[in-house]
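Participant: Below is the sequence, then the predicted model.
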Amino acid sequence: MAMKAGADSRDLVPPLLRNRVFRRYWGASTVSMFGDQVSSVAVPLTAVLVLHAGASEMGYLTALEWLPSLLFGLHAGAWLDRRGKRRNAMILADLGRAGALATIPFCYALHILTLAQMGVVTFIAGALSVLFTVSDGTLFVSIVEPRAYVDGQSLIYTSRALSFLGGPSVGGLLVQALSGPYAVVVDALSFIGSAFQLGSIRPVEPPAAPAGDGLTVGLRFIANSPIVRASLIGVAVINFFNLMFEALFMLYAVRALGVSAGLLGVVIGAGAIGGILGSVLSKWLTSRLGAGLVYVAGCFVFTVPLALVPLASPAHRMLMLVMLFASCFASGFGVMVLDISIAAISGVVIPDTVRSRVSGAYQAINYGTRPAGALLGGLLGTALGLRPALWIAVAGGVFGSLLLLPSPLPRFRMPALTDVPARPPRPDPRDDGGEAGPVLDTHRGHGARPPSPAATTAKRGPRSPARTRGHGRGPDYSSSRRRRTGGDP
């Protein structure tokens, strides 16, 4: 009877989480995402409530978070593909970000915290995030086999959705109880926890790329891939306007709507229930509607509900809170669905040998538009007022979603696997901490590989470059370490 109960409890654990290597990789992502969501509330509220930042200053601060992607994305991707050792780079990035963020409460305690220092810390943390993000996709595909991509991404993004649920609520309450700068300590500690978890695994990574490959390899791949090119164009526009929105949202909620820091954190966190629902339903939706159509629909569900924020009025307080909740709920559902679906798509269209360079090039363009969006949001918020600027941001995001409709993405479906059903992965044979390969399907040795995605899209556009070893998460379309944004593979 006890043995049966033990077997039943084991069945409740997702197969991927029974693998030590993936479990620790997932644990590193989970702890750091929670800390980051605390910081996503604490940092802007520190600027607004402690340093009395205005609309233009919030725009500058938000722009500095994303500027490193434009400056360093291409070079980071090329350097990592040639050097390898992505796990080591991620650990270094975690420790560096922990140190940078720790200076905020330290300087606040000494009464020397300034907006200039906040800008420097934000830029340094953003630069290290570029290094982390372009490494992360390759590490993921070194751990997970192709048939488990959607399952793996669902687990990662379920953690992200849960971090949206608890992180902002805890962040808002910590800001109210301790002040913003001290709440940032939680994020610094989460980076240390992430580095510890990553240091405990040693998956076998793809070999380093030849030294002769240039910086433009990733850009050329994107230009020649109709799927990746279309997603980049659409999501770059979406995120340009979304960063306009993000630069003004906290300011608008606190000053125009009169929402307290604690209540704002609770509203945002409660709205993240939509993200949890999206992560749970993503696999079911992609299997029935196709990953491409789900991605495009997710872009609309992400952008359209944001209109409820400028529609809200402080004259009707309860209705205002319901509208903020509904906006966060629906938008959180949309961004989670689009992130999981595009991450799975990128895994079958991007070869391992150029993955970091494609990720770097993608970030340089996608994230590179964001500083300009944040700056424009600050300028428009100052010149036109917060509500008109938010309306422009919402309309622009919906326009970016419309750009995806004529592309091959709505018709894209994941390549068919063999008729072998997915099985739980075999236990990691190297639980002593040695190197371990990808989480494998236990049937047929190394698991069934999907056919080339070009076969799925041959009638809809040029053939994508062939994959050399099919797995992956690809360029980071969503940025789980940051505030709610969407579209990164």
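Facilitator: The structure has been received and is ready for your questions.
Participant: okay, CA-based contacts and neighbour counts for the rest of this
Facilitator: Noted.
Participant: show me what contacts the closest residue in space to residue 301 that isn't next to it in sequence?
Facilitator: With C-alpha to C-alpha, 6 or more residues apart in numbering as the criterion, residue 301 has its nearest non-adjacent residue at 4.6 Å, and that residue is residue 334. Going by C-alpha atoms under 8 Å, 6 or more residues apart in numbering, residue 334 touches 275, 278, 297-302.
Participant: now swap in residue 405 and tell me
Facilitator: By C-alpha under 8 Å, 6+ apart, the contact set of residue 405 is residue 296.
Participant: Confirm it sits in a helix?
Facilitator: No. Using DSSP: H, G, I helix; E, B strand; the rest coil, the assignment for residue 405 is coil, not a helix.
Participant: Mind checking what secondary structure the residue nearest to residue 301 has?
Facilitator: Applying three-state DSSP: residue 334 is helix.
Participant: how many neighbours does residue 318 have?
Facilitator: 11 (other C-alpha atoms under 10 Å).
Participant: buried stuff in the helix or strand hosting it?
Facilitator: Assigning secondary structure by DSSP states H and E places residue 318 in helix 317-349. Across helix 317-349, burial judged by 16 or more other C-alpha atoms under 10 Å covers 320-321, 323-349.
Participant: Any chance of the backbone angles for residue 368?
Facilitator: phi -70, psi -20 (degrees, to the nearest 10).
Participant: burial of it, as a residue count?
Facilitator: For residue 368, the neighbour count with other C-alpha under 10 Å is 24.
Participant: quick one: it and residue 70 touch, right?
Facilitator: Yes. Contact criterion C-alpha atoms under 8 Å: residue 368 and residue 70 qualify, at 4.2 Å.
Participant: Can you show me the CA trace of whatever helix or strand comes next after the helix holding residue 318 as PDB?
Facilitator: Heading C-terminal from helix 317-349, the first helix or strand you meet, by DSSP H and E, is helix 355-366. Provided in PDB are the C-alpha atoms of helix 355-366 (Å, rounded to 0.1, in the frame of the first residue of the first chain):
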ATOM      1  CA  ARG A 355      21.800  29.900 -31.400                       C
ATOM      2  CA  SER A 356      23.700  32.400 -29.200                       C
ATOM      3  CA  ARG A 357      24.400  34.600 -32.200                       C
ATOM      4  CA  VAL A 358      20.800  34.600 -33.300                       C
ATOM      5  CA  SER A 359      19.800  35.300 -29.700                       C
ATOM      6  CA  GLY A 360      22.300  38.200 -29.600                       C
ATOM      7  CA  ALA A 361      21.100  39.600 -32.900                       C
ATOM      8  CA  TYR A 362      17.500  39.200 -31.900                       C
ATOM      9  CA  GLN A 363      18.100  41.000 -28.600                       C
ATOM     10  CA  ALA A 364      20.100  43.800 -30.300                       C
ATOM     11  CA  ILE A 365      17.000  44.600 -32.400                       C
ATOM     12  CA  ASN A 366      14.100  43.600 -30.200                       C
END
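Participant: Helix 355-366 packs against which elements?
Facilitator: Packing partners of helix 355-366 (3 or more C-alpha pairs under 8 Å, 6 or more residues apart in numbering; DSSP states H and E): helix 55-83, helix 115-143, helix 217-224, helix 226-251.
Participant: for this structure, which spans come out with low pLDDT?
Facilitator: 1-12, 164-166, 168-169, 208-215, 269-271, 416-489 (pLDDT under 70).
Participant: Return the residues in contact with residue 357.
Facilitator: 74, 76-78, 80-81, 134, 215, 217-218.
Participant: which non-adjacent residue is nearest it?
Facilitator: Nearest-residue entry for residue 357: residue 77, 4.1 Å, with adjacent residues in sequence omitted and distances by C-alpha to C-alpha, 6+ apart.
Participant: can you give me the helices in the stretch 151-300 of the chain?
Facilitator: 180-199, 217-224, 226-251, 261-271, 273-289, 291-303 (DSSP state H, counting those that start in this stretch).
Participant: for the third one, the distance to its chain's centre please.
Facilitator: In other words, helix 226-251. Distance of helix 226-251 from its chain centroid, counting by C-alpha atoms, centre = their mean, to the nearest Å, is 13 Å.
Participant: Run the angle between that helix and helix 217-224 for me.
Facilitator: 110 degrees (axes from the mean of the first three to the mean of the last three C-alpha atoms, to 10 degrees).
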